[in-house]
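Novice: with the input below, show me the fold.
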Amino acid sequence: MRHLFNVFGRTLRVEMTDARWRSHWVGADGKLGLAQLAIPPDVAPADLAQYLYDIYHENATPTNGDVFEIGTK
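Specialist: Numbers count the residues shown, from 1 in each chain. Modelled structure (predicted):
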């Protein structure tokens, strides 16, 4: 299952494949760029937003101060 997250204003797609999480930044044009991010395979889908917040919290701004799921496929 694919999970889409708003990560401080940027869209990140995270997908479990072959027992590991793979992540890609989604551009405004829909193109994917590999995210240099290692997510341990034991992180549950329900915990992904908190994990991403912990990793990227330094990117927070007054107008984009949170990480939240925006969809699944």
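Novice: list the beta-bridge partners for the nearest residue to L32 once chain neighbours are set aside.
Specialist: Computed as Cβ to Cβ, 6 or more residues apart in numbering, the closest residue to L32 that is not its neighbour in sequence is H24, at 4.0 Å. No exception for glycine: its C-beta is placed from N, CA and C like everyone else's. Note on H24: beta-bridge partners by DSSP bridges are R13, L34.
Novice: what is the neighbour count of H24?
Specialist: When neighbours are counted by other Cβ atoms under 10 Å, H24 registers 17.
Novice: pull the contacting residues for it.
Specialist: 12-13, 32-35 (Cβ atoms under 8 Å, 6 or more residues apart in numbering).
Novice: same deal with L4?
Specialist: Contacts of L4 (Cβ under 8 Å, 6+ apart): 11-14, 26, 69-73.
Novice: can you tell me the average pLDDT over stretch 20-40?
Specialist: The average pLDDT within stretch 20-40 is 97.
Novice: and if you look at stretch 53-73?
Specialist: In the prediction, stretch 53-73 has an average pLDDT of 96.
Novice: before we move on, back to that, quick check: of the contacts of H24, which lies closest to Y51?
Specialist: Distance to Y51 across these (Cβ to Cβ) is lowest for L12, with 11.2 Å.
Novice: give me the element the residue lying farthest from the centre of the chain is part of.
Specialist: The outermost residue of the chain relative to its centre, with distances by Cα atoms, centre = their mean, is P62 at 19.6 Å. Per DSSP states H and E: P62 is located in neither a helix nor a strand.
Novice: on that earlier part again, got a winner among the contacts of H24 for most neighbours?
Specialist: Most surrounded of the contacts of H24: other Cβ under 10 Å gives L12, at 21 neighbours.
Novice: OK, contacts around it?
Specialist: 4-5, 23-26, 35, 52.
Novice: now those as CSV including distance to A46?
Specialist: What follows is the contacts of L12, written out as CSV (distance: Cβ to Cβ, whole Å):
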residue, distance to A46
L4, 15
F5, 13
S23, 17
H24, 21
W25, 22
V26, 21
A35, 20
L52, 13
